[in-house]
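Asks: take this sequence and fold it.
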Amino acid sequence: MEINVTVNHKLDESAIAFIRSLFSEDGAAPVKAKPAAGSKAAPVKPAAEKEAPGETDVATEEVTIEAIRAVLVEKKDAGKSDAIKALLATFDVKSATNLDKKDYAAFIIKLRKL
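Replies: From the prediction side, this is the model:
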């Protein structure tokens, strides 16, 4: 059985430009890639009540670039654009798509703390 879900949301031009700048060196739209057959991305788990926000045990979850992008959009909407750029710089990248997969967990923890 195959289930496809499409979500459409209208973004203003400034939001689109910002998101593109995060995921590509030249500001071009990122290429859509379909996940490999049979692969499943684990959802990002919310922080437990006893933990501070952003302190989830990401070692037990599979952090995907999609999860990172979702948090990036949330933080951008909260006015954290400069902090996001500074965080990316600490990982020596200009966009989230340039992060090494091994850095995803550490990056999302720091991103959630912004």
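Asks: Val73: which element?
Replies: Val73 belongs to helix 65-77 when assigned by DSSP states H and E.
Asks: against which helices or strands is that helix packed?
Replies: If you count contacts as 3 or more C-beta pairs under 8 Å, 6 or more residues apart in numbering; DSSP states H and E, helix 65-77 packs onto helix 13-23, helix 81-90, helix 104-113. C-beta here means a position set from N, CA and C on the backbone, and glycine is covered the same way.
Asks: any idea how far Ala89 is from the closest residue to Ile19 other than its chain neighbours?
Replies: Nearest in space to Ile19, with sequence neighbours left out and distances taken as C-beta to C-beta, 6 or more residues apart in numbering, is Val73 at 6.7 Å. Per C-beta to C-beta, to the nearest Å, Val73 is found 19 Å from Ala89.
Asks: of the two, who's got more company?
Replies: Comparing Val73 with Ala89 by other C-beta atoms under 10 Å, the one with more neighbours is Val73, at 16 against 10.
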